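# pasting a predicted model and its sequence here:
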Amino acid sequence: MTNKQVHVRKDKPTEAQVVEVTPGDLAPEMVRLQIESFAVTSNNVTYAVMGAGFGYWNFFPPAGDDKGQFGIVPMWGHARVSESNHADIPVGERVYGYLPMADMLDVSPGKITPEGFVDLAAHRQEMSPVYNQYARLADDPEHDPAREAERMIFGPLFRTGFLIEDFMRREGWHGAREVILTSASSKTAMGLASVTKANSPEIKRIGLTSEANVDFVEETGLYDKVHTYEEIGTLPLHDCVVVDFAGNGDVLRNVHEHFGEMLKYSCLVGATHVEARSSFDDEGTPPGPKPTLFFAPDHAVAFFKEHGAKEGGEKVAQAWHAFLEDVEGTVEIDRRQGLEAARDTFTAMVEGKVDPAKGIVIEP
């Protein structure tokens, strides 16, 4: 038995290789997960780009990388228990959660409930607990067998958008009347636009995207207006906030320079434009507020602490189902077989060569 893993070069994520390793015997109280499927999205690019600063490379250490040059990018997906040395987790059970770009994963289940468990592996405990939770699909209220692909593609990204809207609404949108979303074709931006449409309808949603993606973004129906990045200097001046999913320093600077003091808050979320993630401060401080990083896991912990697991889960579920209705038919599910396909899809995603109208699911 072998385990294939996709090893990505940390300082150059366009370079990746498929490596075969031989797994050892399963330790006591451990469970081996056979990975069935995962989605590759711009979220995974963010994990790679920000991997060193936020510990994303630490979740799934690659076998045989003595020099630390490579890492395994985390994915969200489904897996089946293929071996179990834990009395409470039977072989054959299916779970959903944070998985490596690989064939299998050994986990150490703890805090077990009918709905899920937490991986108590020592090397994962320093990172946010949000990433260490696995849903047991047989008793998971969010699970819909007909929507597994959508959950992998949109689920984690949607939750980030949900939490951004919740944060902005609690802050009164910082006095703004518009929200400007860069990389408006990204699934996280679509999630934020959907939740804003439902929960903050008084806030106009302005999408910024590349010329090639304008038609797709407009057809989602999630935005009041859609503009290209080249049109930033022509946008009407209103009190606004910007949520930057692109990670493109030049685009964000142009937004700041155009709106100036009318820009009430600048929120940094992702980095989908890897080739242009130049330092925002290279040319001096632009007008407007200092950009502030939004780290979704911290906000998730705070949200569920405030609302509790039951009420918080119901709020997320309600918004999730509304979002699924909003995006129905906007994304074509594209299923691809094997980890070689995963490698090729990921590197194409890093290079910005993946059609946003496709939701790519890998079945190792």
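In hand now; what should we look at? Numbers count the residues shown, from 1 in each chain.

# for the rest of this, base every contact and every neighbour count on C-alpha atoms.
Fine.

# does residue 117 count as helix, strand or coil?
Going by DSSP: H, G, I helix; E, B strand; the rest coil, the secondary structure assigned to residue 117 is strand.

# which residues touch it?
109-111, 133-136 (CA atoms under 8 Å, 6 or more residues apart in numbering).

# out of those residues, which sit inside strands?
Secondary-structure check on these using DSSP state E: residues within strands are 109-110, 133-136.

# pick the one among the residues you listed closest to residue 163.
The shortest separation between residue 163 and any of the ones in strands among the contacts of residue 117 is 18.0 Å, and it belongs to residue 133 (by CA to CA).

# now that closest one: how far from residue 115?
With the distance defined as CA to CA, to the nearest Å, residue 133 ends up 10 Å from residue 115.

# these two - which one has more neighbours?
Summary of the neighbour comparison: residue 133 and residue 115, criterion other CA atoms under 10 Å, with residue 133 having more neighbours (21 against 14).

# tell me, how many neighbours does residue 345 end up with?
Burial of residue 345, expressed as a neighbour count using other CA under 10 Å, amounts to 20.

# check what pLDDT it gets.
Confidence at residue 345, expressed as pLDDT, is 95.

# try the one 3 residues further on
What the model reports as pLDDT for residue 348 is 93.

# that one and residue 42: what is the separation?
With the distance defined as CA to CA, residue 348 ends up 11 Å from residue 42.

# which one of these two has more residues nearby?
residue 42 (26 against 14).

# strands of the stretch 151-300 of the chain, residue ranges please.
Taking DSSP state E, counting those that start in this stretch as the criterion, the stretch 151-300 of the chain contains strands spanning 178-181, 204-209, 225-228, 240-244, 263-268, 292-293.

# Throw those strands into CSV and include mean neighbour count, mean pLDDT and distance to residue 315, thanks.
As requested, the strands of the stretch 151-300 of the chain are arranged in CSV below (neighbours: other CA atoms under 10 Å; pLDDT from 0 to 100; distance: least, CA to CA, whole Å):
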stretch, mean neighbour count, mean pLDDT, distance to residue 315
strand 178-181, 24, 98, 22
strand 204-209, 24, 97, 22
strand 225-228, 18, 97, 27
strand 240-244, 25, 96, 22
strand 263-268, 21, 94, 23
strand 292-293, 12, 86, 24
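
# next one: the residue nearest the centre of the chain, what pLDDT does it get?
For the chain, the residue whose C-alpha lies nearest the mean C-alpha position (CA atoms, centre = their mean) is residue 43; its distance is 3.5 Å. On the pLDDT scale, residue 43 is placed at 80.

# give me the nearest residue to it, chain neighbours excluded.
Closest residue in space to residue 43, ignoring its immediate chain neighbours: residue 157 at 6.9 Å, by CA to CA, 6 or more residues apart in numbering.

# which ones are touching residue 138?
Contacts here follow CA under 8 Å, 6+ apart; on that basis residue 138 touches 93-94, 115.

# that older thread, number of nearby residues for the residue nearest to residue 43?
Under the criterion other CA under 10 Å, the count of neighbours that residue 157 has is 22.

# then residue 325?
Residues lying near residue 325 (other CA under 10 Å) number 11.

# A helix includes it, no?
Yes - using three-state DSSP, the assignment for residue 325 is a helix.

# check the gap between it and residue 319 for me.
Noted for residue 325: a distance of 10 Å to residue 319, by CA to CA.

# that older thread, test my guess that the residue nearest to residue 43 contacts residue 194.
No - applying CA atoms under 8 Å as the test, residue 157 and residue 194 come out as separate, 12.0 Å apart.

# quick check on residue 20: phi, psi?
When read as degrees, to the nearest 10, the backbone of residue 20 gives phi -100, psi 130.

# do the same with residue 108
Dihedral angles of residue 108 (phi, psi; degrees, to the nearest 10) stand at phi -120, psi 90.

# try residue 99
Per-residue torsions, residue 99: phi -130, psi 160 (degrees, to the nearest 10).

# again, but for residue 351
Phi and psi for residue 351, reported as degrees, to the nearest 10, are phi -80, psi 0.

# same thing with the one 5 residues further on?
Comment: the main-chain dihedrals of residue 356 come out as phi -70, psi -20, following degrees, to the nearest 10.
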